[in-house]
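Just a sequence and a predicted model for now, questions to come.
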Amino acid sequence: DAGVTQSPTHLIKTRGQQVTLRCSPKSGHDTVSWYQQALGQGPQFIFQYYEEEERQRGNFPDRFSGHQFPNYSSELNVNALLLGDSALYLCASSPHQGAKQPQHFGDGTRLSIL
Amino acid sequence: SQQGEEDPQALSIQEGENATMNCSYKTSINNLQWYRQNSGRGLVHLILIRSNEREKHSGRLRVTLDTSKKSSSLLITASRAADTASYFCAPAMDSSYKLIFGSGTRLLVRP
């Protein structure tokens, strides 16, 4: 039973570029959340998707957008990349929306902005 | 906010010793979750304790919750080098969509 898978594992971009990160949730899970984790900090919530809709958004600018597909997989898009966007991007899935279920995390995508 | 604050920020112990880390929060919650993160990896869920529970065990892990003090503790008994990781707590409301993490406790278990 595959857990949460994310791709790519590492990515290097330059300022101003755009990036798309991908996530496949754990089998049986229909809810996907995205988190940004800067070095030495805890993960910060970006947004959660359920039934192909964004259910809640954290304190991130509109440059961060997402999508959920009918098979529950999800993409995170970041436009006009800034140096401060360098971080580990984590995807988490759960069987239902909300925070009452444990979240299952992937190993993340390490994004470096030059 | 429901953000948890972990204490201490860093903890270094000898293999075989017990490790205790604490979490404080400020608002009412329905549950509190503990996660572990090995370097460069994703978070792994350890234990979820509900607000009507006072203590929960899982293997060498023991979690307590005191809602009157708005605090929780995670005890790892007989620690191993493999327990070296960062540990995060996430107090949560069932109605909330997100988990809010603090900066975590960095545990180093020396062989």
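Ah, there it is. Numbering: from 1, shown residues only, chains lettered A, B, ... in the order given.

Nearest residue to the middle of chain A?
A:W34 (3.1 Å; CA atoms, centre = their mean).

Look up which helix or strand that residue falls in, please.
For A:W34, the host element (DSSP states H and E) is strand A:31-37.

Moving C-terminal from that strand, which element do we reach first?
Downstream of strand A:31-37 (by DSSP H and E), the next one is strand A:44-50.

A:L83 touches A:L111, doesn't it?
No. With contacts counted by CB atoms under 8 Å, A:L83 stays clear of A:L111, the gap being 11.1 Å. Where C-beta positions appear, they are placed from N, C-alpha and C, glycine not excepted.

Give me the distance between the two termini of stretch A:38-52.
Stretch A:38-52 has its terminal residues 27 Å apart, counting by CA to CA, to the nearest Å.

go on, stretch B:99-111?
So stretch B:99-111: terminal residues 33 Å apart, CA to CA.

Give me the mean pLDDT for it.
For stretch B:99-111, the mean per-residue pLDDT is 94.

So, low pLDDT: which residues of chain B?
Low-confidence segments of chain B, defined by pLDDT under 70: B:1-2.

Next up, the contacts around A:G108.
A:6, A:9, A:37, A:88-91, B:41-42 (CB atoms under 8 Å, 6 or more residues apart in numbering or on different chains).

Three-state assignment for the closest residue to A:G42 other than its chain neighbours, please.
Spatial nearest neighbour of A:G42, excluding adjacent residues (CB to CB, 6 or more residues apart in numbering or on different chains): B:F101 at 3.3 Å. For B:F101, the assignment made with DSSP: H, G, I helix; E, B strand; the rest coil gives coil.

got the contact list for B:F101?
B:F101 makes contact with A:42-44, B:3-4, B:35, B:88-90, according to CB under 8 Å, 6+ apart.

Taking these, tell me the two that lie furthest apart.
Greatest spacing in those, by CB to CB: A:Q44 and B:C89 (15.1 Å).

count of neighbours near A:S7?
By the criterion of other CB atoms under 10 Å in any protein chain shown, A:S7 has 12 neighbours.
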